[in-house]
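Visitor: Here is a sequence with its predicted model. Questions after.
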Amino acid sequence: AVSMLILGTESKNIYFLDPSGTRIVQKVDLDSEPIFLSVVGLYSVEYRVTVACRDAKIYTIKNGSVLHNVIELETMPVGLIRMDKNIHVGS
């Protein structure tokens with residue numbers, strides 16, 4: 001499997017770059033600015049990107065679509081990791 005760079009921007013977007021890093025393969029719009037990303041899976045098969053944002057919410061992108069179930073935090077996150085099917089957030 002070839003690695004891809006995934007970027008979160010201040011303009012509330014997630015960009016998937018091709019392996020050379022020169023072309024945008026996919027763009028996903030969010031409701032807030034991303035601050036932490038956790039990526040699991042293969043782009044060509046199935047993947048999930050868990051995103052902690054500045055609005056103190058956790059979004060999940062599955063195969064290019066933002067899922068409707070959003071986790072709302074009481075405070076801003078200071079860390080995010082995904083282990084197996086669990087999401088661990090420090091706040």
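Guide: Thanks, I have it. Please read all numbers here as calculations on a predicted model, not as lab measurements. Numbers count the residues shown, from 1 in each chain.

Visitor: mind saving the C-alpha coords of stretch 48-55 as CSV?
Guide: Extracted as CSV, the C-alpha positions of stretch 48-55 are listed here (Å, rounded to 0.1, in the frame of the first residue of the first chain):
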residue,chain,number,x,y,z
ARG,A,48,-12.0,6.4,8.3
VAL,A,49,-10.6,9.7,9.4
THR,A,50,-11.6,10.8,12.9
VAL,A,51,-11.3,14.6,13.2
ALA,A,52,-11.3,16.8,16.4
CYS,A,53,-12.2,20.4,15.6
ARG,A,54,-12.1,23.8,17.2
ASP,A,55,-15.8,23.7,17.8
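
Visitor: Buried by neighbour count: which residues of it qualify?
Guide: Across stretch 48-55, burial judged by 16 or more other Cβ atoms under 10 Å covers Val49, Thr50, Val51, Ala52, Cys53. No exception for glycine: its C-beta is placed from N, CA and C like everyone else's.

Visitor: I'd assumed Ile14 was in contact with the first one.
Guide: Yes: A contact is recorded between Val49 and Ile14 when judged using Cβ atoms under 8 Å, the distance being 6.6 Å.

Visitor: Check the contact lists of these two and give me the overlap.
Guide: Listed as contacting both Val49 and Ile14 by Cβ atoms under 8 Å, 6 or more residues apart in numbering are Ile6, Val28, Leu37, Ile61.
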